[in-house]
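Chemist: Attaching a predicted model along with its sequence, questions to come.
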Amino acid sequence: MSSTFKHHGDTGTPRPALSIRGLRFRYDGAVDTPADAWTIDLPSLDVATGEQVLLTGGSGTGKSTLLHLIAGLVDPAEGTVLVDGTNIHTLAGAPRDRFRGTAIGMIFQTFNLLAGFSALENVLAALMFSSVPPGRHMELADAALSRLGITRIHATPEELSVGQQQRVAVARAVVCRPVLVLADEPTASLDPENAEHAMDLVQSVCRELGAALVCVSHDPAMAARFERREKLGSLIRAAIPSPGAGAATTMGGSR
Amino acid sequence: MNDWTIILRSLRARLFSTVTTAALVAIAVALMLVLLMMRDAAQQAFRRGGGDMHLLISNDQSSMVSFLNGILYANPPRAPIPWARYQQLRQSLPLGDNGYAIPTQIGDSFRGQPVMATDAEFFSRLMPNPGEPWVFAQGRAFDADFQVVLGAQAAHATGVKIGQQIALSHGTGDAAEHDHDHDEFKYEVVGILAPTGGPHDRALFTTVQSTWIIHAHERREREADGKHIETTAADLTDADRKITGVYVRLATRSNSDVPANLPQVFDLLRKDSSIVVASPSDEARKLLVIVGNIDIVFRAMAGVVLVSSAISIMIALYNSMEQRRRQIAVLRVLGCSRPRIFGLVLTESAVLGVMGAVAGLVISLMGVQAVVLLMKSKFGLVVHPTLTPDVAIVVAGAAVALAALAGLVPAVIAYGTPVAKNLKPLA
């Protein structure tokens, strides 16, 4: 996959789904980190609309933290994160939450489905906080669940298999037709067969919707699924140019 | 799917905690409402005591003692009024055609129930509740000496039937057990009254002359040194003819219940040091003030239970926050704002209050009905507790407001729940 997109400021070019510049983050009170070291120190990262990127790296390299920064769940010390051209960190509380609910879908390792709520309600919950008109909620939720092959829409997560739970989580992440889907170790809780199937679904659904996918994983088997792979090395600061197709790169710039 | 779905799912997920917490609120609300309703019923009962009379004349130590003894049958009045004095009073009072001055004599009892000796006007003129004359459940009023009429509760408590012959005891209450029975004189039960909800329900009624005769008989027996004698009305002396009180209703115009000259008559009688005059309505009011202090204690207790229930809501929600941090974090990821999370928890707390208040309302209504039935069946007492909408709204509103207030701390915790930290996979 080509990732040679240009920034949305460039005339006549598509706006990237995600554009990061000079992003620096450090946890408050981190005692085992040198004073001048950052948990995240990312000069730049661009992901084009519809592009699918795999971020790899060992434990503690800040993969999940980067996703939280992109989703606006934590604020950086420095730098900007543009999602579909919007600097999410400049938005105030409620508008930021609404923007996240509409523009970003998130998939988690442990699915994080709402316990006690049915599969349908879990998906409807995502629509409830978005800017999607309420009149379309049921139709979109039904379509998303149907697309992901969930027939027992009134079953609660506890009544579904692990694989089905992951599919409900995917349906919830994409039901608002986000521009960007963030997947945090989406297959870590699944057996290889279910993992394969789940990733097929995540990637194909994102492709169908034209949503960019940023997936973090330390599963080596995932690498083959992504044309663009980035290795996230914390404490390494170097610009990440638009990578060439099929090449594995490091956040430090080595490709 | 809306905010209510989230709130109800959350309550359902903690069903035991939800039910117990709401039950605690319900108990507090029910307790408060029952107390208020029974207080009103007690107030009504006190007010009913005086019936439609304007004044009570006695020779007791004070107007309050007069009211307690002469109407509520607290103790037998100690100082009598001679019959001749009564007749003077009767002639001097502006009774007109529709007033009355009914003599009463309290001092005997039957199986613990007080006996009031009076005259026929007690049933024909006095109304136990204003506008409501006496109603006989069975039989009729007495029309001769040694006939007795029983109040509803007295009939219930003693099990006496119409036509039965009974002997009265000297003294009332516990004192009667140490005194003696007037076995020589049997009274025929001729009537049983319907309940009035007032203190007369627990009394027996006979003629003053019957009472004079049996007490004159005791005097004559002592004088005869144990010789067998018989006593009739012809044997009564002026010293035997005495009463303990007079129920007075002054003449009124047909469209008025309180005569214009009542204050003047009251003042005039008060200046007479040989008697004590009391206004039953005033004394009932004073008594309610005294009882009101106890009432405040009960209401304070109900208030403490209400506050305790609010604290239990806070604890229940606070404890649930630990389990709900992940849910809150997920909702935030899905786009739910912090203020909305805050509102959800606060509303959930208020919903617990509403559930408790509604249940409390139902429990209080059922409970009061049970108390009414119990008091009627066990004691023959008729109370009419009523729940006014404004009282119900204030108590239920207070419960809901307290519950919402109790949700503040958990809501603040929910508001500040860190999202990223709570999205981490469970160990």
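Modeler: Nice, I can see it. It should be emphasised that the depicted structure is a prediction, and the values quoted were computed from it without experimental measurement. Numbers count the residues shown, from 1 in each chain, chains lettered A, B, ... in the order given.

Chemist: Hmm, A:Gln109 and A:Pro186 touching each other?
Modeler: Yes. Using CB atoms under 8 Å, A:Pro186 is in contact with A:Gln109, at 6.8 Å. Quick note: C-beta positions are derived from backbone N, CA and C, even for glycine.

Chemist: Who has more neighbours out of these two?
Modeler: A direct count of neighbours by other CB atoms under 10 Å in any protein chain shown for A:Pro186 and A:Gln109 places A:Pro186 higher, at 29 against 22.

Chemist: give me phi/psi at the more buried one?
Modeler: Backbone geometry at A:Pro186, expressed as degrees, to the nearest 10, gives phi -70, psi -20.

Chemist: what pLDDT does it get?
Modeler: According to the prediction, A:Pro186 has pLDDT 87.

Chemist: what does the one 4 residues further on give?
Modeler: Turning to A:Leu190, the model gives it a pLDDT of 80.

Chemist: Checking my notes, it in a helix, right?
Modeler: No. Counting by DSSP: H, G, I helix; E, B strand; the rest coil, A:Leu190 is not found in a helix; it is coil.

Chemist: Tally up the residues packed near the closest residue to it other than its chain neighbours, please.
Modeler: Residue nearest to A:Leu190 in three dimensions, not counting chain neighbours: A:Ala198, with 5.8 Å by CB to CB, 6 or more residues apart in numbering or on different chains. Neighbours of A:Ala198 under the rule other CB under 10 Å: 24.

Chemist: Next: the one 3 residues further on.
Modeler: Applying the criterion other CB under 10 Å, we find 20 residues in the vicinity of A:Leu201.

Chemist: OK, contacts around it?
Modeler: A:Leu148, A:Arg167, A:Val170 (CB atoms under 8 Å, 6 or more residues apart in numbering or on different chains).

Chemist: what's the nearest residue to residue 217 if we skip its chain neighbours?
Modeler: As the question left the chain open, I've gone with chain A. For A:Ser217, the spatially nearest residue (CB to CB, 6+ apart) is A:Glu185, at 5.5 Å.

Chemist: ah, I was thinking of chain B
Modeler: Distances taken as CB to CB, 6+ apart place B:Thr231 nearest to B:His217, at 3.8 Å, with adjacent residues excluded.

Chemist: my read is the one you found is in a strand, agree?
Modeler: No. Assigned with three-state DSSP, B:Thr231 falls outside any strand and is coil.

Chemist: show me where the chain has strands.
Modeler: Just so you know, I chose chain A. Assigned by DSSP state E, the strands in chain A fall at A:18-25, A:40-47, A:52-56, A:78-83, A:86-87, A:104-107, A:180-184, A:212-216, A:228-231, A:248-250.

Chemist: wait, I meant chain B there
Modeler: Applying DSSP E to chain B gives strands spanning B:55-58, B:81-82, B:100-110, B:113-118, B:136-139, B:147-150, B:165-166, B:169-170, B:187-193, B:204-207, B:242-243, B:245-249, B:276-278.

Chemist: Between those strands, which one is closest to A:Arg100.
Modeler: strand B:136-139 (76.8 Å; CB to CB).

Chemist: tell me which residues of the closest one are tucked away?
Modeler: Across strand B:136-139, burial judged by 16 or more other CB atoms under 10 Å in any protein chain shown covers B:Gln138, B:Gly139.

Chemist: contacts for that strand?
Modeler: With CB under 8 Å, 6+ apart, strand B:136-139 has contacts from B:Val149, B:Ala152, B:Ala155, B:Ile162, B:Val189, B:Val190, B:Gly191, B:Ile192, B:Leu193, B:Ala194.

Chemist: Using a markdown table, lay out these together with distance to chain A, neighbour count and pLDDT.
Modeler: Formatted as a markdown table, the contacts of strand B:136-139 follow (distance: CB to the nearest CB, whole Å; neighbours: other CB atoms under 10 Å in any protein chain shown; pLDDT from 0 to 100):
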| residue | distance to chain A | neighbour count | pLDDT |
| --- | --- | --- | --- |
| B:Val149 | 68 | 27 | 97 |
| B:Ala152 | 57 | 23 | 91 |
| B:Ala155 | 60 | 25 | 93 |
| B:Ile162 | 67 | 15 | 95 |
| B:Val189 | 69 | 23 | 97 |
| B:Val190 | 72 | 21 | 97 |
| B:Gly191 | 67 | 20 | 96 |
| B:Ile192 | 63 | 20 | 97 |
| B:Leu193 | 62 | 26 | 95 |
| B:Ala194 | 58 | 14 | 93 |
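
Chemist: Domains in chain B, by residue range?
Modeler: Chain B breaks down into these structural domains: B:3-45+B:288-422, B:55-278 (assignment by automatic domain parsing).

Chemist: tell me the most buried of the strands of chain A?
Modeler: strand A:104-107 (a mean of 28; mean count of other CB atoms under 10 Å in any protein chain shown).

Chemist: strand partners of that one, parallel vs antiparallel please.
Modeler: Sheet partners assigned to strand A:104-107 using DSSP bridges are listed as strand A:180-184 (parallel).

Chemist: quick one on the thing from earlier: least reliable of the domains of chain B going by mean pLDDT?
Modeler: Looking at the domains of chain B, the lowest mean pLDDT belongs to domain B:3-45+B:288-422 (a mean of 85).
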